[in-house]
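Participant: 3D model of this:
(2 chains)
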There are 2 protein chains.
Amino acid sequence: MIKKPYLLSPGPTPVPPEVLQAGSRPLIHHRTSEFSEIFMEVTEALRYVFQTTQDVYTLTSSGSGAMEAAVVNILDPGDKALVLNAGKFGDRWSKICRTYGIAVREIKVPWGSDIPAAELAEQIDAHPDVQAVFSTLSETSTGTVYDIEGFARITAATEILLVVDGISGLGAMPCPMDHWGVDVLISGSQKSFMTPPGLAFIAFSPKAWRSVETSSLPRFYFDAQAAHNALHKQTSAWTPAISLIRQLREALKIMRGIGLEGLISHHRAMAEATRAGVQALGLDLLSQIPGNILTAVKTPHGLDGVRLVKLMQDRFKVHIAGAQDPHKGEFFRIGHLGFIGGFDIITALTALEMTLGEMGYTDFEQGGSLSAAQAIIKENWI
Amino acid sequence: MIKKPYLLSPGPTPVPPEVLQAGSRPLIHHRTSEFSEIFMEVTEALRYVFQTTQDVYTLTSSGSGAMEAAVVNILDPGDKALVLNAGKFGDRWSKICRTYGIAVREIKVPWGSDIPAAELAEQIDAHPDVQAVFSTLSETSTGTVYDIEGFARITAATEILLVVDGISGLGAMPCPMDHWGVDVLISGSQKSFMTPPGLAFIAFSPKAWRSVETSSLPRFYFDAQAAHNALHKQTSAWTPAISLIRQLREALKIMRGIGLEGLISHHRAMAEATRAGVQALGLDLLSQIPGNILTAVKTPHGLDGVRLVKLMQDRFKVHIAGAQDPHKGEFFRIGHLGFIGGFDIITALTALEMTLGEMGYTDFEQGGSLSAAQAIIKENWI
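Facilitator: Numbering: from 1, shown residues only, chains lettered A, B, ... in the order given. Below you'll find the model as predicted:
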């Protein structure tokens, strides 16, 4: 039997054929009008996905590079930051801030739990001397979505900047930067952008830009002022990942064709179908507020979660993601982000049922998850 | 007439078809044994090109990112650095060092001029309290090659670290890291590595690694310790540019097939053919010690050098590089780096003669540069 590989990870995500093909074109030089045209088209389309009139800077780095860029461009040594830490990537904000001598206070909740905006309001009332709040739209380690709109309503009334990690969330969940009042928003190419990893994006509100202009933390490669100056010459500050940017152009054409609302409702349908499927198997979700990006499922009692993910990949060629440290094995994550169609969800659930069966877990009706997911896909198949 | 495009820039350089094709394969996840195998193969091949037994870390960034990585991983605030500044990229070392509060002393010479090792020895005798010397193997702004072997002989006898920007030079000029005693060596994918831009490489000698372990400059994305820890788990610290790494694997296969000596003698022949060609036109070279990477040619008196480069590109589709600020227009640069064959040199010279002619400069024998270059190519065609 031919065993085809399927990628259902929360990043990298599958890349459409026309985007893949753009990665194999002979190179052009990045200081040419031909490249500038591509770069400005990409920048304009990124503004649309970010829902901002501000510039969106494209960095050649992973999303973690953009996280560092957010920190070093808006803060000063000794500044205070409030980090909303509900998982591995919230925790990364704290690590980066501490690296640069920022005093970090955290609202820390168990993985998968909510952080109500009211709790942020309380913390800010009690400690109003923070310069920035660092938050996460979709916490990739758990699939939980956070109330960025609510957080922004609180920070907008203050001098405090709201920084949002939209790496896995943007393009698949609502996060209109200007409308909500997000001050720094970042994302990455290998998520809803359906492009290989290697590019990250960052945009600053006018309020955040005032901090960029005065911030004295050291930075060179990630300097926003350098990116700004270069963009106004229709280019990038350093030699960019030219081939990835050409791929991104193709992906952004697809995204604009579907439209942001269409993308969000598509991802919502994928998430609902996945959740319906795993719940039909009697499995529990990890997250209190699961978003559109991935579905984190608790490993059934008595099973080895690490082995489950490995078996599903080795035996059935369906690549999902495990849980990250310190929760290894406790749950697994089915990504339904980017270029994923409804039948991919059915595929993932089929492989999941077969994997559970091979592991001796048979406490479900065979095919039950498939028909539950199919019902949602059918309903959304307009 | 069909007008085919040619890229003779010192970066990005042309990419071989099998490397291009590897850029359009469906993505795999970076936390899999399949990716680890590719990553370790690439790391091993990079060790060969670097001529080191140390680890070579692959960063998702441009070469400037690796320059910053070199600075922030080995120095402490208030340290002193000696920068050998003979062009735009030597100057960049100073800029990055100053960004991080390093006290910079420079040996600064006019673009294209030599920096004799004796001058470095004198400076170090006079000011022995520097922690690191920052140098450039091939100064891409001028094509000049520097005496890294001589510099290393001086620093090896001291506690001072020798940092070498081998971004455009490595793989095309000799720079055996371990044998010469280079302490930090960096390079980039879009140069002799025949891969699109977006990856950079860095390696540390054991002497440099001792500084990495104690250095207190802030860094997160470019942290060598994080790269080190990840590599020992056969992966990268952050999500890497997976598709570029797969392309790099194909390019490194080609490079190993030719061998380092073969690559260096190939690039030497390309450089000699180009120099013979432009000198046959009566044009002057900019550099006192031109290397194998590119040939910088002074713009003939009375001509506009910016227009020359633009005309050659717009009219003949041959992309060479102009001179960078503050020497714009004064000279032009023909890159002969990476996947460039002898007939590409003939093409560039043909277009150069035709461009000069269109600009009204006819003080040369038509075809003279072609036969001069051809003689060298023939001699080297083994």
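Participant: From the centroid of chain A, which residue is nearest?
Facilitator: Central residue of chain A (CA atoms, centre = their mean): A:Ser168, 0.8 Å from the mean position.
Participant: Find the residue closest to it in space, skipping its chain neighbours.
Facilitator: The shortest distance from A:Ser168 to any non-neighbouring residue, by CB to CB, 6 or more residues apart in numbering or on different chains, is to A:Thr140 (4.4 Å). (Glycine included, C-beta is placed from N, CA and C.)
Participant: how many other residues sit next to that neighbour?
Facilitator: A:Thr140: 28 surrounding residues under other CB atoms under 10 Å in any protein chain shown.
Participant: do A:Thr142 as well
Facilitator: Using other CB under 10 Å: A:Thr142 sits among 31 other residues.
Participant: now do A:Ile2
Facilitator: The number of residues packed near A:Ile2 is 4, by other CB under 10 Å.
Participant: And for A:Gly329?
Facilitator: Using other CB under 10 Å, A:Gly329 is surrounded by 15 other residues.
Participant: quick one, what contacts it?
Facilitator: With contacts defined as CB atoms under 8 Å, 6 or more residues apart in numbering or on different chains, A:Gly329 is in contact with A:299, A:304-306, A:322-323.
Participant: Tell me which two of the residues you listed sit farthest apart.
Facilitator: A:Asp304 and A:Ala323 (11.9 Å; CB to CB).
Participant: Same drill for the two, tell me which one is more crowded.
Facilitator: The neighbour comparison of A:Asp304 against A:Ala323 (other CB under 10 Å) goes to A:Ala323, with 24 against 12.
Participant: residues contacting the spatially closest residue to that one that is not a sequence neighbour?
Facilitator: Spatial nearest neighbour of A:Ala323, excluding adjacent residues (CB to CB, 6+ apart): A:Phe331 at 4.7 Å. Residues counted as contacts of A:Phe331 (CB under 8 Å, 6+ apart) are A:286, A:296-299, A:305, A:323.
Participant: Which of the residues you listed lies at the shortest distance from chain B?
Facilitator: Distance to chain B across these (CB to the nearest CB) is lowest for A:Ala323, with 12.3 Å.
Participant: who's in contact with that closest one?
Facilitator: Applying CB under 8 Å, 6+ apart, we find A:Ala323 in contact with A:141, A:296, A:305, A:329-333.
Participant: residue boundaries of the strands in the stretch 151-300 of chain A?
Facilitator: Using DSSP state E, counting those that start in this stretch, the strands of the stretch 151-300 of chain A run over A:161-165, A:184-188, A:199-204, A:294-298.
Participant: Now render the ones you listed as JSON lines, adding distance to B:Phe89.
Facilitator: Below are the strands of the stretch 151-300 of chain A laid out as JSON lines (distance: least, CB to CB, whole Å):
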{"stretch": "strand A:161-165", "distance to B:Phe89": "33"}
{"stretch": "strand A:184-188", "distance to B:Phe89": "29"}
{"stretch": "strand A:199-204", "distance to B:Phe89": "24"}
{"stretch": "strand A:294-298", "distance to B:Phe89": "42"}
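Participant: Close to chain B: what parts of the stretch 101-250 of chain A are there?
Facilitator: Contact residues (CB under 8 Å from any CB of the partner chain) of the stretch 101-250 of chain A with chain B: A:101, A:188, A:190, A:196-198, A:217-222, A:238-244.
Participant: got the CA coordinates for stretch A:352-370 in CSV?
Facilitator: Included here for stretch A:352-370 are C-alpha records, laid out as CSV according to Å, rounded to 0.1, in the frame of the first residue of the first chain:
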residue,chain,number,x,y,z
LEU,A,352,-5.8,8.6,15.3
GLU,A,353,-8.4,5.8,15.6
MET,A,354,-6.0,3.3,14.0
THR,A,355,-3.2,4.4,16.3
LEU,A,356,-5.3,4.2,19.4
GLY,A,357,-6.4,0.7,18.2
GLU,A,358,-2.8,-0.4,17.7
MET,A,359,-2.0,0.8,21.2
GLY,A,360,-4.8,-1.4,22.6
TYR,A,361,-7.2,1.4,23.3
THR,A,362,-10.5,0.5,21.8
ASP,A,363,-13.0,2.2,24.1
PHE,A,364,-14.7,3.9,21.2
GLU,A,365,-16.9,3.1,18.2
GLN,A,366,-14.7,2.6,15.1
GLY,A,367,-15.4,5.4,12.6
GLY,A,368,-17.3,7.5,15.2
SER,A,369,-14.8,10.4,15.0
LEU,A,370,-15.0,10.4,11.3
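Participant: ok now it, how far from the chain's centre?
Facilitator: Stretch A:352-370 sits 30 Å away from the centroid of its parent chain (CA atoms, centre = their mean, to the nearest Å).
Participant: burial count for A:Trp381?
Facilitator: With other CB under 10 Å as criterion, A:Trp381 counts 9.
Participant: Isn't it up against A:Phe343?
Facilitator: No: taking contacts as CB atoms under 8 Å, A:Trp381 lies outside contact range of A:Phe343: 10.6 Å.
Participant: thinking again about what came up before, got a PyMOL select line for the buried ones in the contacts of A:Ala323?
Facilitator: Of these, the buried ones can be selected in PyMOL as follows, counting by 16 or more other CB atoms under 10 Å in any protein chain shown:
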select buried, chain A and resi 141+296+305+331+332+333
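Participant: Now, the contacts of A:Ala323 that are in strands?
Facilitator: Counting by DSSP state E, the contacts of A:Ala323 place A:296, A:331-333 in strands.
Participant: so where is the stretch 201-350 of chain A shaky, pLDDT-wise?
Facilitator: For the stretch 201-350 of chain A, no stretch is flagged by pLDDT under 70.
Participant: show me where chain A has helices.
Facilitator: In chain A, the segments counted as helices under DSSP state H are A:17-22, A:33-50, A:63-74, A:88-99, A:117-126, A:148-156, A:177-180, A:206-214, A:224-231, A:242-258, A:260-280, A:305-316, A:342-358, A:368-380.
Participant: what sits up against the fourth one?
Facilitator: This points to helix A:88-99. Helix A:88-99 has contacts (CB under 8 Å, 6+ apart) with A:64, A:67-68, A:71, A:75, A:81, A:83-85, A:104, A:106, A:134-136, A:139-141, A:163, A:165, A:167, A:324-325, B:218-220.
Participant: any idea how far it is from the chain center?
Facilitator: 16 Å.
Participant: Many thanks, have a good one.
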